[in-house]
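# Take a look and give me a structure for this.
(chains A and B)
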Number of protein chains: 2
Amino acid sequence: MDQFMQAAIDEARLGRSQGGIPIGSVLVRDGQLVARGHNKRVQEDSAIKHGEMDCLTNAGRQRSYRDTVIYSTLMPCFMCAGTIVQFKIPKVIVGESRTFDGAREFMESHGVEVIDLDLQECVDMMNEFIEAEPTLWNEDIMEL
Amino acid sequence: MDQFMQAAIDEARLGRSQGGIPIGSVLVRDGQLVARGHNKRVQEDSAIKHGEMDCLTNAGRQRSYRDTVIYSTLMPCFMCAGTIVQFKIPKVIVGESRTFDGAREFMESHGVEVIDLDLQECVDMMNEFIEAEPTLWNEDIMEL
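Numbers count the residues shown, from 1 in each chain, chains lettered A, B, ... in the order given. As a prediction, the model looks like this:
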């Protein structure tokens, strides 16, 4: 397992252990971890704190993101994809997109490279959560 | 002046008075203000806290946004536009788009109604800021 995807999975599992939604993300530059985060809808009562947004919050004010890679355990939604496009992050590596197909085409149409590792561990983590907390999941993807 | 756009402008001016970037936003449902906010890049050392994102943070966890309208003093960027699309907010009313053209076509292509009031007051507020703090502005729109 890629060490950075492992860190994103660790973030996701930490979020789940807090009663939250198990999606984690890390930001990497030159093979070094810049920041990490996880979905905090429950923990911070925040609709915008998806894993990627929490990671980018924790990264503070970076002068540029053009030399970074963002990892997420799940394919980014339109909010997180729009952020990646706006921030000019050139590359996204995701754990899976089977439980949520997200906004891959939108990112690719703006020149973002998207790599989907299709990891069974990430699929299993989301399926366990979605089965246990369907209403919370539907709230997070705005399908209520 | 529409009372809600006035509230967004008040938020923008509050942000500027704090040393921040003068962009404000409010969320409205059934003619009632749900939440308000302003850009907090400087105040919270946060790259994601554009005016719209701060407003939506302050709105907490809404069950649905399908019956809301979001106001912003400036045309939303791709981050904020992606959030509006993801949250299924059907209508955006902006103060102006002359100083930043944002992601109007992207929102419209996803069925969001976008109304640009083209207010001189909002243009003047941004131009004053951009002239005084060009580096901060370029950081906020990721043009450094």
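# Buried ones in the lengthiest helix in chain A, by neighbour count?
Identified as the longest helix of chain A according to DSSP state H is helix A:3-17. Across helix A:3-17, burial judged by 16 or more other C-beta atoms under 10 Å in any protein chain shown covers A:4-5, A:7-9, A:11-12, A:15-16. No exception for glycine: its C-beta is placed from N, CA and C like everyone else's.
# okay, these in TSV with pLDDT and distance to chain B next?
Listed next are the buried residues of helix A:3-17 as TSV, based on pLDDT from 0 to 100; distance: C-beta to the nearest C-beta, whole Å:
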residue	pLDDT	distance to chain B
A:Phe4	98	20
A:Met5	98	22
A:Ala7	98	20
A:Ala8	98	18
A:Ile9	98	23
A:Glu11	98	17
A:Ala12	98	19
A:Gly15	98	16
A:Arg16	98	18
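# what does chain A put close to chain B?
Contact residues (C-beta under 8 Å from any C-beta of the partner chain) of chain A with chain B: A:41, A:45-48, A:53, A:56-57, A:59-65, A:77-83, A:85-88, A:103, A:106, A:110, A:139, A:142, A:144.
# So what's the gap between the longest helix of chain A and the chain middle?
Taking C-alpha atoms, centre = their mean, to the nearest Å, one finds the center of helix A:3-17 at 10 Å from the center of the full chain.
# Packing partners of it?
If you count contacts as 3 or more C-beta pairs under 8 Å, 6 or more residues apart in numbering or on different chains; DSSP states H and E, helix A:3-17 packs onto strand A:24-29, strand A:32-38, helix A:51-58, strand A:68-72, helix A:120-132.
# Output the contacting helices and strands for the last one.
Looking back up the chat, that one is helix A:120-132. Here helix A:120-132 touches helix A:3-17, going by 3+ C-beta pairs under 8 Å, 6+ apart.
# Geometrically speaking, which residue is the centre of chain A?
Centroid check for chain A by C-alpha atoms, centre = their mean gives A:Ser72 as the closest residue, at 3.4 Å.
# quick one, what contacts that residue?
A:8, A:23-25, A:51-52, A:80, A:92-95 (C-beta atoms under 8 Å, 6 or more residues apart in numbering or on different chains).
# In chain A, which residue sits closest to chain B?
At 2.0 Å from chain B, A:Gly82 is the closest residue in chain A, using C-beta to the nearest C-beta.
# Kindly list the main-chain dihedrals of that residue?
The phi and psi values for A:Gly82, taken as degrees, to the nearest 10, are phi -60, psi -40.
# With the one 3 residues further on instead?
In this entry, A:Val85 is assigned phi and psi values of phi -70, psi -50 (degrees, to the nearest 10).
# Can you give me the neighbour number for it?
The tally of other residues near A:Val85 (other C-beta atoms under 10 Å in any protein chain shown) stands at 25.
# Hmm, it is touching A:Glu108, no?
No: look at A:Val85 against A:Glu108 with C-beta atoms under 8 Å: they stay out of range, at 10.3 Å.
# In space, what's closest to the residue of chain A most remote from its centre - neighbours in sequence excluded?
The C-alpha centroid of chain A is most remote from A:Arg63, which lies 21.4 Å away (C-alpha atoms, centre = their mean). Of all residues not flanking A:Arg63 in the chain, B:Leu144 sits nearest, at 5.7 Å (C-beta to C-beta, 6 or more residues apart in numbering or on different chains).
# From B:Phe129, how far out is the one you found?
Distance of B:Leu144 to B:Phe129, computed by C-beta to C-beta, to the nearest Å: 16 Å.
# if you count what's nearby, which of those two comes out ahead?
Taking neighbours as other C-beta under 10 Å, B:Leu144 and B:Phe129 compare with B:Phe129 leading, 20 against 13.
# CSV for the helices and strands packed on helix A:3-17, including mean pLDDT and distance to A:Val114?
Putting the helices and strands packed on helix A:3-17 into CSV (pLDDT from 0 to 100; distance: least, C-beta to C-beta, whole Å) gives the following:
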stretch, mean pLDDT, distance to A:Val114
strand A:24-29, 98, 14
strand A:32-38, 98, 19
helix A:51-58, 98, 13
strand A:68-72, 98, 10
helix A:120-132, 98, 15
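# Which of these sits closest to B:Arg29?
Proximity to B:Arg29 (C-beta to C-beta) singles out helix A:51-58 among the helices and strands packed on helix A:3-17, at 23.1 Å.
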